[in-house]
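J.: okay, sequence plus prediction incoming.
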Amino acid sequence: MQTVRPVLLDSRRHWLGAMEGLGCDPEAWLRVRERSDIVAFLTGPVRSPAASILKQAMLAAGADALVHRLVLTCGVAESAVLIYGPPKNVRAGCDSLRGQPFGLDPVADEVVGFLQVPDAPDTIVLGDKSLTFGPRPLFMGVLNCTPDSFSDGGQWRDPARAVEHCLEMLEQGASVIDVGGESTRPGSRATSREEQIERVIPVISGLRRSSDVLISVDTVEPGVARAAVEAGARIINSVNGMETPGMAELAAETGAGVIVMHMRGDPATMQIDPRYFHAPSEVALYLLNRVNGLVEAGVERNKILVDPGIGFGKRPWDNLGLMNSVPWLRRVTGCRVVLGHSRKSFLGLLSGETEPARRDSASALVSALCADRVDVLRVHNVRQCSDAVSAALEGMEP
């Protein structure tokens, strides 16, 4: 059972909210605001003596821990503990926790485990293809070979037209083409393996004959993923976090890259009253656990990307919080981050546009706002989003 989880604390609002939830002394903000470049972890509740030991160990190491204000007088029986500080100081504090009473060794082990997550790779090598990351995000062009996709259903069912459109997206700046044969819009039902293969393989094969672009297959079905990899795809994009039995083993066997996405429930149920205590923290923990599970199954860590799953079992404010937390998601998981916001319904709520295909302006705006933080933007209109990103990055130059 998980007892420690990472916490996003990159603003005064986040800190004050966390402090209020802990019941700690409000004056603690005076010392909190003097710290920078910190990591934070929430654990507990633990017994008050254990909370005191945690706090003293962290203080002695140059970090700190926030606890309920009545811990020192034993006015409360237990308290949650918010550990924070520069990574090296937190690590030193964990070292001093070892052997302390009240069973604090597991807490130290979990915190150190989070601190050992490697940095995200600068380049992901996928066979004879690669993705190299820099100050400008890469673009993944979306190709839906479905009759019922939420934004362009039926438009690209003809393989020849679909390949032509893929080549257009490549000319517009796409580094990856993501081909899917199953709708994952809210309320959608599963599509059979045979039907997905019939939809996507002619497109992947035709695109491979026409271009050496990196191809991704959007599927949760191992049989579809295998057929796509054999046809020339190099990435498996899984909206259910590669949880389908056999998917992790397939990725390890083929050496394919993996995009692990977070989704609450499944497409048929995901938007039925989704709830989070704190979406970025919960999504980050899920993604990190999935990444670790894939690594244990034999998938190379530097071939894994993560996707917070914008619109997949999220409320509008959850989506906005996740978009703002992309750099933190990268740090927590040690993986490059894919953002799939294009034409999503929350953009319709914000813009008033009910027609998904007419939300490209809003999609481009979000692309521009995220231009300096995200690694891969998964979009339908590559040209418009690419132009917006170029304008945004030019405006950020000193």
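T.: Okay, I see it.

J.: name the helices or strands packed onto the strand or helix carrying Glu394?
T.: For Glu394, the host element (DSSP states H and E) is helix 382-396. Contact here means 3 or more CB pairs under 8 Å, 6 or more residues apart in numbering; DSSP states H and E; on that basis helix 382-396 packs against strand 138-144, helix 360-369, strand 376-379. Just so you know, the C-beta spots here come from the backbone N, C-alpha and C atoms, and that holds for glycine as well.

J.: got a list of what Arg91 touches?
T.: 111-112, 115 (CB atoms under 8 Å, 6 or more residues apart in numbering).

J.: show me where the stretch 101-250 of the chain has helices.
T.: Along the stretch 101-250 of the chain, counting by DSSP state H, counting those that start in this stretch, helices occupy 105-115, 159-171, 193-210, 222-231, 247-254.

J.: so which of those helices comes closest to Thr333?
T.: Nearest of the helices of the stretch 101-250 of the chain to Thr333, taken as CB to CB: helix 105-115 at 10.3 Å.

J.: which other helices and strands does that closest one contact?
T.: strand 4-6, strand 39-47, helix 87-97.

J.: what angle sits between the helix holding Glu394 and strand 138-144?
T.: Per axes from the mean of the first three to the mean of the last three CA atoms, to 10 degrees, the angle that helix 382-396 makes with strand 138-144 is 160 degrees.

J.: what comes up buried for stretch 217-234?
T.: By neighbour count on 16 or more other CB atoms under 10 Å, the buried set for stretch 217-234 is 217-222, 224-229, 231-234.

J.: hmm, I was thinking of stretch 342-349
T.: For stretch 342-349, using 16+ other CB under 10 Å, the buried residues are 342-348.

J.: and the pLDDT at the residue nearest to Val366 when sequence neighbours are not counted?
T.: Distance criterion CB to CB, 6 or more residues apart in numbering; nearest residue to Val366, sequence neighbours excluded, is His341 at 5.0 Å. His341 carries a pLDDT value of 92.

J.: surely His341 touches Asn319?
T.: Yes - between His341 and Asn319 there is a contact at 7.4 Å, judged by CB atoms under 8 Å.

J.: now the common contact residues for those two.
T.: Both His341 and Asn319 are contacted by 310-311, under the criterion CB under 8 Å, 6+ apart.

J.: how about JSON lines for the helices and strands packed on helix 382-396, with distance to Gly313 added?
T.: Putting those into JSON lines (distance: least, CB to CB, whole Å) gives the following:
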{"stretch": "strand 138-144", "distance to Gly313": "19"}
{"stretch": "helix 360-369", "distance to Gly313": "19"}
{"stretch": "strand 376-379", "distance to Gly313": "17"}
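
J.: okay, these in JSON lines with mean pLDDT and mean neighbour count next?
T.: Formatted as JSON lines, the helices and strands packed on helix 382-396 follow (pLDDT from 0 to 100; neighbours: other CB atoms under 10 Å):
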{"stretch": "strand 138-144", "mean pLDDT": "94", "mean neighbour count": "26"}
{"stretch": "helix 360-369", "mean pLDDT": "90", "mean neighbour count": "21"}
{"stretch": "strand 376-379", "mean pLDDT": "96", "mean neighbour count": "26"}
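
J.: spit out the contact partners of Val229.
T.: Per CB under 8 Å, 6+ apart, neighbours of Val229: 217, 236, 250, 254, 256.

J.: again, only this time at 6 Å
T.: Shown in contact with Val229 (CB atoms under 6 Å, 6 or more residues apart in numbering): 254, 256.

J.: for Gly255, see how far away it is.
T.: 9 Å (CB to CB, to the nearest Å).

J.: list the contacts of stretch 279-290.
T.: By CB under 6 Å, 6+ apart, stretch 279-290 touches 5-8, 241, 260, 262, 276, 306, 308, 318, 321-322, 325, 329, 332-333.

J.: go through those residues and flag which are in strands.
T.: Of the positions in these, 5-6, 260, 306 sit in strands, assigned by DSSP state E.

J.: which two in the residues you listed are spaced the farthest apart?
T.: The widest separation within those (CB to CB) is 17.8 Å, between Arg5 and Val260.

J.: those two: which is more packed in?
T.: Neighbour comparison, Arg5 and Val260: the larger count goes to Val260, with 31 against 17 (by other CB atoms under 10 Å).

J.: any buried residues in the lowest-mean-pLDDT helix or strand in the chain, and which?
T.: Lowest by mean pLDDT, DSSP states H and E among the helices and strands of the chain is helix 29-32, with a mean of 78. Along helix 29-32, these residues count as buried under the neighbour rule (16+ other CB under 10 Å): Val32.

J.: what helices or strands is it leaning on?
T.: Helix 29-32 sits against no helix or strand, with contacts defined as 3 or more CB pairs under 6 Å, 6 or more residues apart in numbering; DSSP states H and E.
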